[in-house]
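# The following block contains a protein sequence and its predicted model.
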Amino acid sequence: MSETETIWSEARDRDTIGGRIRRAREAANLSGAQLARRLGVKTATVTAWESGRSEPRANRLTMLAGFLAVSPTWLLYGLGDAPDDDPMSTELSLIASSLKSLRDAHERTGEALDRLEAQISQLARTARTQAEDSEDTA
């Protein structure tokens, strides 16, 4: 940078801070809830930042930049390197995220089926025991 050039001479990303947070979160392949958990805030807080209803405080902004692998300057002012905006990369991230959600749902379904089978087995044993007890008393 020459003496007359400053960071303000650089071309800015004209999106809002909320738009930049959303883009960086999506590029990092994180849901709003996942990012909120990592930052220790509510999902509604991340949603408010992304929609422009509020902005993160300085300490959260620094954490946010770290988690999203962007600079705080880019988040605040749109100066510096933006996350990869390649549409193919974004589409692949969305597909990978959907696949992960389906796998998680599949795992939870399997666990629920296991619990139901255990309950059915327990009820069947109880019914057999009661039937045997009633035959013995008859």
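Received it, and whenever you're ready, just let me know what you need.
# what sits against Ala33?
Ala33 makes contact with Thr43, Val46, according to C-beta atoms under 8 Å, 6 or more residues apart in numbering. Every residue, glycine included, has its C-beta placed from N, CA and C.
# Now the helix or strand containing it: average pLDDT?
Using DSSP states H and E, Ala33 sits in helix 32-39. Mean pLDDT, helix 32-39: 93.
# which secondary structure elements does the helix or strand following that helix contact?
Next helix or strand after helix 32-39 toward the C-terminus (DSSP H and E): helix 43-51. Under the contact definition 3 or more C-beta pairs under 8 Å, 6 or more residues apart in numbering; DSSP states H and E, helix 43-51 sits against helix 17-27, helix 32-39.
# Select, out of those, the one closest to Gly52.
helix 17-27 (4.2 Å; C-beta to C-beta).
# That closest one - contacts with which helices or strands?
Helix 17-27 packs on helix 43-51, helix 58-68, helix 72-77, helix 87-137, going by 3+ C-beta pairs under 8 Å, 6+ apart.
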